[in-house]
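Colleague: Sequence first, predicted model second:
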Amino acid sequence: MSVHVIADTSARLAGVRAVLERKHAVTSELLRGLSIQRGCIHVLVVKVDLRGIDNICALKKVLSTLSRVQKRIFLVEDAAHLSVSQAYALGATSVLLGPIDPTRLLKVIGDEMPDEVAVDEHSSAAAASSGEVALASMFTAIASGTSTDIGAAKQAGARIADAIEEHGLSDWLGTVRRHHEGTYQHCLLVTGVAVDFGLSLGVSKCDIERLYTSAMFHDVGKATIPLAVLDKPGRLDSAERALVETHPVAGHDILRDNNGISAEVLDAVRHHHEYLDGSGYPDGLDAGGICDLVRVLTISDIFAALIEQRPYKTTMSRAEAYNILCNMNGKLEKPLVTAFKAVALSR
């Protein structure tokens, strides 16, 4: 398989080549280096500091000549939302954080030749890609203090809903867990699960729209939290947990002045971690203060978090995750958890 590497320093270029040349035919170039004539490229690997506008502009120019390469892996040392979001905004299909992990990089590249046929625009993969780009754009805007494009996120949510209806939840879960990571993976999983839950309940088209919109926006407040905390392997300490628990209020504050966000969606963003027994956060609401939309979203959010694919933990099965929901006595609406069984186990 032919792998092409782009890096912004000779040292970074040499480091990536040393890993890849064990198994693949490798070509490479330095950002802002001499123009080169490239042959057939199956996979692109980018190791560039994305914190500077000059590097981003130079990389955009190079990438515009490589638009046919379907698999684009960005290696990002700086674990900041802005760098990760920028990578996805530049067209990354995978982003690997931290120092180069040879085993993981080679696994992501894979041994099979990428499919030469264009991806069906109605497939789960295409819907997931559009969702991730929309999420990355939102996180980038929030991290940089610029205006958030909520229209793109809503459109991506609609595409996800169409993909779920056409291809089913199992196809969606498999696609997202294979190709997407971290907070973006979680938001895509929640969106798919919430849509399928709504479809299984037979809710109206308007309610499906409320579900996918709420799911796409529910964790935008995490853009204010360092990735070192969000993606920390193992248990968070008390200070880190308190920081993570600021995200519903942060998301509400980010979105509340946007005319395109309804009061129902704002309520869902703020309250998706509330429990019926009053033990949730940030406002300690009890059953009387939690609307139906939030109740559905909360179940979807917990289930998605349990079945996420993370490099530092074993992925929980859908049956195990559903069993945990069933044992959250008093916190979740029991009839809804019962109705969720088919979504969790067989759809």
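Modeller: Received, thanks.
Colleague: quick one: stretch 199-219 to chain centroid distance?
Modeller: 18 Å (Cα atoms, centre = their mean, to the nearest Å).
Colleague: Could you check what's spatially nearest to residue 222, not counting adjacent residues?
Modeller: Spatial nearest neighbour of residue 222, excluding adjacent residues (Cβ to Cβ, 6 or more residues apart in numbering): residue 247 at 4.8 Å. Just so you know, the C-beta spots here come from the backbone N, C-alpha and C atoms, and that holds for glycine as well.
Colleague: Burial check on that neighbour, number of neighbours?
Modeller: By the criterion of other Cβ atoms under 10 Å, residue 247 has 24 neighbours.
Colleague: The one 5 residues further on now?
Modeller: Counted with other Cβ under 10 Å, residues neighbouring residue 252 total 21.
Colleague: now it: how far from residue 261?
Modeller: Residue 252 sits at a distance of 10 Å from residue 261 (criterion: Cβ to Cβ, to the nearest Å).
Colleague: go on, residue 327?
Modeller: 34 Å.
Colleague: Number of residues surrounding residue 90?
Modeller: What residue 90 shows, counting by other Cβ under 10 Å, is a neighbour count of 17.
Colleague: Just read off the phi/psi values of it.
Modeller: Dihedral pair for residue 90: phi -80, psi 0, per degrees, to the nearest 10.
Colleague: So it sits against residue 56, correct?
Modeller: Yes - judged on Cβ atoms under 8 Å, residue 90 makes contact with residue 56 at a distance of 7.4 Å.
Colleague: who are the neighbours in contact with residue 299?
Modeller: 197, 325, 332, 333, 336, 337, 340 (Cβ atoms under 8 Å, 6 or more residues apart in numbering).
Colleague: Kindly reformat those residues as a markdown table and extend each row with pLDDT and neighbour count.
Modeller: Below are these laid out as a markdown table (pLDDT from 0 to 100; neighbours: other Cβ atoms under 10 Å):
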| residue | pLDDT | neighbour count |
| --- | --- | --- |
| 197 | 98 | 25 |
| 325 | 98 | 19 |
| 332 | 97 | 20 |
| 333 | 96 | 17 |
| 336 | 97 | 16 |
| 337 | 97 | 20 |
| 340 | 97 | 24 |
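Colleague: Okay, and residue 249 sits in which element?
Modeller: Here residue 249 sits within helix 247-255, counting by DSSP states H and E.
Colleague: so how far is that helix off the chain centroid?
Modeller: Worked out by Cα atoms, centre = their mean, helix 247-255 lies 18 Å from the chain centre.
Colleague: that older thread, tell me which of residue 327 and residue 261 has more neighbours.
Modeller: Each of residue 327 and residue 261 has its neighbours counted (other Cβ under 10 Å); residue 261 has more, 20 against 10.
Colleague: separation between that one and residue 128?
Modeller: Residue 261 is 23 Å from residue 128, by Cβ to Cβ.
Colleague: domains for this structure, by residue range?
Modeller: The chain breaks down by automatic domain parsing into domains covering 2-109, 124-345.
Colleague: what's the most buried one of those domains?
Modeller: Most buried of the domains of the chain, by mean neighbour count (mean count of other Cβ atoms under 10 Å): domain 124-345, with a mean of 19.
Colleague: show me what contacts the residue nearest to residue 222?
Modeller: With contact set as Cβ under 8 Å, 6+ apart, residue 247 has these partners: 219, 221, 222, 224, 225.
Colleague: Could you check how far the helix or strand where residue 19 lies is from the centre of its chain?
Modeller: In the assignment (DSSP H and E), residue 19 maps to helix 10-20. For helix 10-20, the distance from its own C-alpha centre to the chain's C-alpha centre is 28 Å (Cα atoms, centre = their mean).
Colleague: list the helices and strands that helix packs on?
Modeller: Counting contacts by 3 or more Cβ pairs under 8 Å, 6 or more residues apart in numbering; DSSP states H and E, helix 10-20 packs against strand 2-7, strand 25-30, strand 43-47, helix 102-109.
Colleague: Which elements pack onto the first one?
Modeller: Strand 2-7 makes packing contacts with helix 10-20, strand 25-30, strand 43-47 when contacts are defined by 3+ Cβ pairs under 8 Å, 6+ apart.
Colleague: Let's have these in TSV, adding mean pLDDT and distance to residue 62.
Modeller: Conversion of those to TSV gives the following (pLDDT from 0 to 100; distance: least, Cβ to Cβ, whole Å):
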stretch	mean pLDDT	distance to residue 62
helix 10-20	92	13
strand 25-30	86	8
strand 43-47	94	9
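Colleague: From the rest of the structure, what touches stretch 222-239?
Modeller: Contacting residues not belonging to stretch 222-239 are listed as 79-81, 84, 97, 138-139, 142-143, 182-183, 240, 243-244, 246-247, 250-251, 254, 312-313 [Cβ under 8 Å, 6+ apart].
Colleague: Now do the contacts for residue 5.
Modeller: Contacts of residue 5 by Cβ under 8 Å, 6+ apart are 13, 16, 17, 20, 26, 27, 28, 29, 44, 45, 46, 47.
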